[in-house]
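>>> sequence-free structure coming up:
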């Protein structure tokens, strides 16, 4: 039997197909979410809120190059993309932990 708490984690998630971008940055995020086959936009928006759109775009380029080169993704495309973001941050001397969420 389902309870109210069963859906607590999904309650505010926005399906990618229902997300209507209001700026070019949001369109980039939607395009990336579609490419990664993410069911909800929240994952990629959460990353963008922390690292910014330029890191997202850079990670997307690296992801595309890896796919084109035939890299085999062991987990999910989203997890692989997140790993690329972490590598980009490391090259810049940063981590998720020392970034705070940006307010819109």
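Now that the structure is in, tell me what you want to look at. Because the structure is predicted, anything quoted here is derived from the model rather than measured.

>>> name the SS class of the residue nearest to the spatial centre of the chain, please.
By C-alpha atoms, centre = their mean, the mean C-alpha position of the chain lies nearest to residue 44, the distance being 2.4 Å. Secondary structure, DSSP: H, G, I helix; E, B strand; the rest coil: residue 44 is helix.

>>> give me the pLDDT value at it.
On pLDDT, residue 44 comes in at 94.

>>> same check on residue 94?
Residue 94 is assigned 83 on the pLDDT scale.

>>> need the contact list for it.
Applying C-beta atoms under 8 Å, 6 or more residues apart in numbering to residue 94 gives no contacts. Heads up, the C-betas are built off the backbone N, CA and C, glycines and all.

>>> for the nearest residue to residue 45 once chain neighbours are set aside, grab the count of nearby residues.
Using C-beta to C-beta, 6 or more residues apart in numbering and skipping the chain neighbours, the partner closest in space to residue 45 is residue 29 (5.8 Å). Neighbour count of residue 29, defined by other C-beta atoms under 10 Å: 24.

>>> residue 42 is in contact with residue 29, correct?
No - the pair residue 29 / residue 42 is not scored as a contact, 10.1 Å apart, by C-beta atoms under 8 Å.

>>> can you pull out the low-pLDDT segments for the protein?
Scanning the chain for pLDDT under 70 picks out 1-11, 98, 100-104.

>>> run through the helices of it in chain order.
Counting by DSSP state H, one finds helices in the chain at the ranges 24-35, 42-51, 53-68, 77-91.
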